[in-house]
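>>> Attaching a predicted model along with its sequence, questions to come.
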Amino acid sequence: MAGLWGLPTVSTPTNGVNARQSAFSPKLSGAQGGVTYQGQNGDAVRTRQFNYMAQTGLELTFKRYGDSTVSGGDGFAQQTQPNATLTASPTSQSQVPVPPVNWNLFLDYTSGAVGTTAIPQCTEAQFKTSGWYAPVWFLVRSNASYGGVVDTPPATTILLRLIPDSYMDGLWIAARAGATVYVRLDAVGNPVDNAYTLNGSASYTSGSFTLTYKGAVTSAIAFNALGSAIQTALNALPTIGTGGTTVSPSGTAFNTANTFTVTFNGALANDPSPLTAQFGSLVGGSPVLTSIVVTNNLRIDAACKVVPQEYNDDNGAWLQNVLLEVVADVNWTEAGAGGTALYAQLINNIVSPGV
């Protein structure tokens, strides 16, 4: 995405510690300024590099069965040069090991409602964008390759495969009217920051509570237990183990007006299994265990015109293909004051995407 649309606006999402939210908002006019790349490879015998590469397209296919894929990453690079001096100590980029795979598709008829109405019977979605840049060749034979890059008019579409129903009927009406609809492709994956809060309270007067993780239940935790005791009870579970969680503040009693944070560590930091609580014997107050988990997330919002396509059979399911052509809406300003055609966000733990 950085290759197509330039460096994103990076922020820390709500409850994020390691998580970073990267927002991409392609411009409606003017130069995009996509990130360009240098590539190197080789060994002690032979090395090569290209000095400049531009990305021109991206294709994503989303399914709940089979594989969701990233493909069509079209681009072009200057001529590969031999005998390159390889970067001695390249900087690695840490990444969440599993991308978002659990999808929802939303389609609404006003930009203010984008992401409100889920489509229940979509079997597949394809996002495709191409043609963002082109090389310029000058008649200078000393140039090893093209001499520059220009912006070109891109084409961006979303293809949906839907089981016909009353919602599909509404899309036919929108198509005939030439109306703009607003689509959200939204996926979540494993946690980037895996944490929960427990509300302590001076109202707790007696009793105990337990916590459960992956079917294992802690021993009874007293109403006035220190944060360190809660941590010990959790880490004693066979499903967690030593060092698996950290509870803070550690030296404060649970029957005080403090909020305790349970953070999962190590291999459990990216584990989506939920932590639950049982407060049945705790007397006084209103105990609550609250998830503040920040998950790996990919979200694409787009303003589109509807172009219904052919019906077809898919393993016995009668499906309608719907092509959505992404268009600019000058009145929709989610991505900036100049209007919005497309807005994308990623939540992961890469601090500086594209660098």
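That came through, no problem. Quick caveat, the model's predicted, so the values are computed rather than measured. Numbers count the residues shown, from 1 in each chain.
>>> got the contact list for residue 69?
The neighbours of residue 69, taking C-beta atoms under 8 Å, 6 or more residues apart in numbering as the test, are 60, 61. No exception for glycine: its C-beta is placed from N, CA and C like everyone else's.
>>> Okay, it and residue 63: tell me how far apart.
9 Å (C-beta to C-beta, to the nearest Å).
>>> quick one, longest strand in this protein?
The single longest strand within the chain, with elements called by DSSP state E, is strand 294-314.
>>> Who does the helix or strand that that one is followed by pair with, and is each partner parallel or antiparallel?
Going down the chain from strand 294-314, the next helix or strand is strand 317-326, by DSSP states H and E. Here strand 317-326 has these sheet partners by DSSP bridges: strand 155-162 (antiparallel), strand 294-314 (antiparallel).
>>> Quick one: mean pLDDT for the very next helix or strand once past strand 317-326?
The helix or strand immediately downstream of strand 317-326 is strand 342-348, counting by DSSP H and E. Mean pLDDT, strand 342-348: 92.
>>> Neighbours of the residue nearest to residue 21 when sequence neighbours are not counted, how many?
Among residues not flanking residue 21 along the chain, residue 13 sits closest, at 4.4 Å (C-beta to C-beta, 6 or more residues apart in numbering). Counted with other C-beta atoms under 10 Å, residues neighbouring residue 13 total 15.
>>> Residue 13 contacts residue 347, correct?
Yes - if you go by C-beta atoms under 8 Å, residue 13 and residue 347 touch, sitting 5.8 Å apart.
>>> Quickly list what's touching both of the two.
In contact with both residue 13 and residue 347: 19, 20, 21, 294, using C-beta under 8 Å, 6+ apart.
>>> Sticking with the third one, tell me its helix or strand.
Right, the one you point to is residue 21. Per DSSP H and E: strand 20-24 holds residue 21.
>>> what sits against residue 103?
62, 64, 68, 125, 185, 186, 187.
>>> Strand 317-326 and the helix or strand encompassing it, what's the angle between them?
According to DSSP H and E, residue 103 maps onto strand 102-108. Counting by axes from the mean of the first three to the mean of the last three C-alpha atoms, to 10 degrees, strand 102-108 lies at 70 degrees to strand 317-326.
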